[in-house]
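Trainee: Build me a model from this:
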Amino acid sequence: MSFEQSSLILQKQLQELIKHPVEGFSAGLVEDSNIYEWEIMIIGPPDTPYEGGFFHSRMSFPKDYPMMPPKLKFLSEIWHPNVYPDGTVCISILHPPGEDQYGYEQANERWSPVQTVESIMVSVISMLSSPNDESPANIDAAKQWRESYPDFKKRVQRCVRRSLEDF
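Mentor: Numbers count the residues shown, from 1 in each chain. Next comes the predicted model:
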């Protein structure tokens, strides 16, 4: 896959999202001159502790996209079992293709070139609705989610309020 092909694929996906927006997020380029850096605004899903929040994130695509996955990082503060403390999202479909060296994930759960920005974002919105606390990126958030949900919810609601201040 050439640099030119990956750029064309990304341009097509961006145009499709602009023409047919998907509920729950919006996407655009950080700079018009760089198709490999996207700014994503994630709207906290209804009926979750994240409801009402507007979370800034950045999706960075490798030059060999779609053969390899992009990275997604929240720029807004977020408290979630599947988001590292630095904001990096940890979900199976963003892990490189092939077998998991730890044997936790099946190859078909990991990145595949058929994934799109839309399918990634639908997975992230689903992750906000139902965290996977079996394989946490943020152990403290996962522990709090399991053992003290009311405190978890309060902490998330603080993040929601802060996201509105940044908006």
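Trainee: quick one: low-confidence ranges for the chain?
Mentor: 1, 3, 101-105, 167 (pLDDT under 70).
Trainee: Leaving aside the residues adjacent along the chain, what's closest to residue 35?
Mentor: Counting by C-beta to C-beta, 6 or more residues apart in numbering, residue 35 lies nearest to residue 10, which is 4.7 Å off, once chain neighbours are set aside. Just so you know, the C-beta spots here come from the backbone N, C-alpha and C atoms, and that holds for glycine as well.
Trainee: So that neighbour sits against residue 37, correct?
Mentor: No: counting by C-beta atoms under 8 Å, residue 10 stays clear of residue 37, with 10.2 Å between them.
Trainee: Now do the shared contacts for those two.
Mentor: residue 61 (C-beta atoms under 8 Å, 6 or more residues apart in numbering).
Trainee: Between the two, point out the one with more neighbours.
Mentor: residue 10 (21 against 14; other C-beta atoms under 10 Å).
Trainee: which residues in the protein form strands?
Mentor: Secondary structure of the chain (DSSP state E): strands at 25-29, 37-43, 54-60, 71-74.
Trainee: Kindly present those as CSV, with separate columns for distance to residue 163.
Mentor: Output for those, formatted as CSV (distance: least, C-beta to C-beta, whole Å):
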stretch, distance to residue 163
strand 25-29, 13
strand 37-43, 9
strand 54-60, 5
strand 71-74, 9
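Trainee: In this protein, which residue is most central in space?
Mentor: Computing the C-alpha centroid of the chain and ranking residues by C-alpha atoms, centre = their mean puts residue 124 first, at 4.5 Å.
Trainee: Identify the residues contacting that one.
Mentor: By C-beta under 8 Å, 6+ apart, the residues touching residue 124 are 25, 42, 72, 89, 91.
Trainee: Distance-wise, check residue 33 relative to residue 15.
Mentor: The gap separating residue 33 from residue 15 is 17 Å, by C-beta to C-beta, to the nearest Å.
Trainee: These two: who's more crowded?
Mentor: Between residue 33 and residue 15, counted using other C-beta under 10 Å, the more crowded position is residue 15 (10 against 7).
Trainee: what separates the more buried one from residue 44, distance-wise?
Mentor: Residue 15 is 26 Å from residue 44, by C-beta to C-beta.
Trainee: what about stretch 72-86, distance to the chain center?
Mentor: A distance of 9 Å separates the centroid of the chain from that of stretch 72-86, by C-alpha atoms, centre = their mean, to the nearest Å.
Trainee: Can you get me a residue count around residue 52?
Mentor: Residues near residue 52, counting by other C-beta under 10 Å: 14.
Trainee: That one and residue 162 touch, don't they?
Mentor: No: at 11.9 Å, residue 52 and residue 162 do not qualify as touching, with contact defined as C-beta under 8 Å.
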